[in-house]
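> A structural model of the following input is requested.
(chains A and B)
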Amino acid sequence: MSLPLIVFFACGVTAVLGAVLLIVAREPIHSALSLILVMVSLAVLYLLLGAEFIAAVQIIVYAGAIMVLFVFVIMLLNAGVEERTNLSKMAKYAGVPLGFFLLLEIAHWFWRSAVGARIANGSGTVNASAVSTRDLSMQLFQQYLFPFEATSILILIAILGAVVLAKRGE
Amino acid sequence: MDFIAQHAVLVVSLVKIVILLLVVMTALAYLTWFERKVVAHIQSRWGPYYVGAHGLLQPLADGMKFLFKEDVTPPASDRLLYVLAPFLAFSLALTTLALIPFGPPTIQILGQPVFVIANSNIGLLFLFAITSIGVYGVALAGWSSNSKYPLLGGLRSSAQMVSYEVSLTLSVVGVLLLANSFSFNGIIESQSPNIGHWHVWKQIVGFLCYITAAIAETNRVPFDLPEAETELVAGFHTEYSSFKFAMFFMAEYANMITVSCLATILFFGGWLSPFPESWTWQLYLPGVGLLLIALYCAYDTIAHMRGIARIQLAVVALLALIAGASCLIPAVMPVIQGPFWFITKVGLFLFLYVWIRGTLPRFRYDQLMSFGWKLLLPVSLVNLLVTALLIVVVKR
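Next up, the predicted model:
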């Protein structure tokens, strides 16, 4: 087994475990921390794919900024322990089998796809050629400039909306 | 065995990590001694004096004391997070040091650069990524203690760290534009050959923003509100005792070292010498400096010390003598240049930290917030804009 493959499986398992913990944990802050775990292991997976910039930004933006706000809000609100309910009949008899079926379907199509085939015969596991930050920004600020700017304006509108909503209470 | 043979980088890195850890832990311990000494002299006191000559064994005594104290866990705390928080704070603070190049990459053993553990293309971004997670150590410590003062301290400090992180990141973008690189070695090499090309001259505004935001980011005076002892007992680590408290303490000092290293790399030419290469006498500086220290210690031993302190200081003098003499060996001289300049510059920044602590009073919380958002952030934004514009104009 090569080193990247070992790292891949370690991080993959950690990410899945973190995702399960996120749902299972009853304390909101534990859920938030599990989500951070998922994001950090995803960042390592990006790193394995040679996307250094995306990996760093994933941690800075998601784990470092957005989740800090989550944790902050949970701390401020002093949110209590979640209450458990028994599954409703609908969820028990329709939801669980449907969810399982969905998982199977995704696995099936992934297996049949080109990416899956490449992983299966061991050729497409790790792409070592790193994409430089320069190439990325060339694409982003030349070819995709319009969508980039449009997204910034969308985010700005969302921020303004949040400020307006917060001010209304006064 | 095959696995190890194929991945020699792992073995070499492990050795480098162990050595760096030993050096950094010692440096952390003696940073506390240095701080107490300097602050004491600013306040016309002697500082630690009785444990070892000039209090040189004080850090050791403090470490032993922390190890033997009772480790109290508040019964109402969240056990897992209460234990996790100091580990998170401390390990993340140490991890950042792996990215710092202490010397030029051209000095190699087994094809691996000696003076850096992880030589990344985007070192700066990784460093910011790691420090941005560092907030959780403080926030979780405050929350998991389940007590009033820690919670208030934790909330304050996470708000402060998040606010100042924005200015910190923006203030260094100007340097990135000038250096045209994210890697630390690229940034350092763009500042060669001498002191006139250091980024601090072109980016003086960026540097001032950086150093202000950095002091706030490491929760030091005058921005030490998270642990303002007069208001909050001790802030987020009120409930911590024994070695867990020591870990927070060491994390703060490790962060100070990281921030000083970053300032050195970004604005002061990293491991580059301030003098042009033709001045060959500068090769003797590390050795001569150590020999001067040895001379002073020897003088002090004979003139002022009595009893066991005399023997201790004599040992220090002897060690400095050996180190100084080995720095003058022709084979060692060029190798030691990079680390010498790097450590000297970082030491100056650490002195600045302590100097500021001994001089300035603490901010009020609302002053802190309005300073960060209404002054520091706009100034670093304008600095970035002006730098970008000038670069475009000059390139035309």
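> Quick one: neighbours of B:Leu56, just the number.
For B:Leu56, the tally of surrounding residues (other Cβ atoms under 10 Å in any protein chain shown) stands at 19. Bear in mind the C-beta positions are built from the backbone N, C-alpha and C, glycine included.
> oh sorry, the question was meant for B:Ile293
If you count neighbours by other Cβ under 10 Å, B:Ile293 ends up with 17.
> Can you verify my assumption that it contacts B:Leu321?
No - taking contacts as Cβ atoms under 8 Å, B:Ile293 lies outside contact range of B:Leu321: 9.0 Å.
> how is chain A carved up into domains?
With domains defined by automatic domain parsing, chain A comprises A:1-83, A:85-129, A:132-170.
> so which of these gets nearest B:Gly142?
Judged by Cβ to Cβ, the one of these that comes nearest to B:Gly142 is domain A:1-83, at 7.4 Å.
> Point me to the residue sitting closest to the centre of chain A.
Using Cα atoms, centre = their mean, the residue of chain A that lies closest to the mean C-alpha position is A:Met39, 5.5 Å off.
> May I see the buried residues of stretch B:99-112?
Within stretch B:99-112, the residues that count as buried by 16 or more other Cβ atoms under 10 Å in any protein chain shown are B:Leu99, B:Ile100, B:Pro101, B:Phe102, B:Gly103, B:Pro104, B:Pro105, B:Gln112.
> From the rest of the structure, what touches stretch A:142-158?
Defining contact as Cβ atoms under 8 Å, 6 or more residues apart in numbering or on different chains, one finds that stretch A:142-158 is touched by A:Leu140, A:Phe141.
> nearest to chain A, of the buried residues of stretch B:99-112?
Ranked by distance to chain A (Cβ to the nearest Cβ), the buried residues of stretch B:99-112 are led by B:Leu99 at 11.3 Å.
> contacting residues around the closest one?
Contacts for B:Leu99 were tallied using Cβ under 8 Å, 6+ apart; they are B:Val116, B:Ile117, B:Ala118, B:Ser120, B:Gly123, B:Phe126, B:Leu127, B:Ile130, B:Phe184.
> Can you get me a residue count around the closest residue to B:Phe102 other than its chain neighbours?
Of all residues not flanking B:Phe102 in the chain, B:Phe115 sits nearest, at 4.2 Å (Cβ to Cβ, 6 or more residues apart in numbering or on different chains). Counted by other Cβ under 10 Å, the residues lying close to B:Phe115 total 21.
> Also A:Val96?
Count around A:Val96 with other Cβ under 10 Å applied: 11.
> same deal with the one 4 residues further on?
As a burial measure, the neighbour count of A:Phe100 was computed by other Cβ under 10 Å and equals 10.
> For B:Gln112, give me phi and psi.
Summarising the backbone geometry of B:Gln112 under the convention degrees, to the nearest 10, its torsions are phi -110, psi 130.
> beta partners of it?
With DSSP bridges applied, B:Gln112 shows beta-bridge pairing to B:Ile109.
> Tell me if the residue nearest to B:Phe102 really is in a strand.
No - assessed with DSSP: H, G, I helix; E, B strand; the rest coil, B:Phe115 is coil; it does not lie in a strand.
> Please tell me I have it right and it contacts B:Leu97.
No - under the criterion of Cβ under 8 Å, B:Phe115 is not in contact with B:Leu97, lying 11.9 Å apart.
> hmm, back to that, could you dump the domains of chain A to a markdown table with distance to B:Cys209?
Conversion of these to a markdown table gives the following (distance: least, Cβ to Cβ, whole Å):
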| stretch | distance to B:Cys209 |
| --- | --- |
| domain A:1-83 | 19 |
| domain A:85-129 | 37 |
| domain A:132-170 | 23 |
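> Please spell out the segments of the stretch 201-350 of chain B that come in under the pLDDT threshold.
When residues are selected by pLDDT under 70, those of the stretch 201-350 of chain B lie in B:225-234.
> Sketch out the helices for it, chain order is fine.
B:204-217, B:229-232, B:242-267, B:285-303, B:308-327, B:333-359 (DSSP state H, counting those that start in this stretch).
> B:Ile195 is nearest to which of those helices?
The stretch from the helices of the stretch 201-350 of chain B with the least distance to B:Ile195 (Cβ to Cβ) is helix B:333-359; that distance is 10.9 Å.
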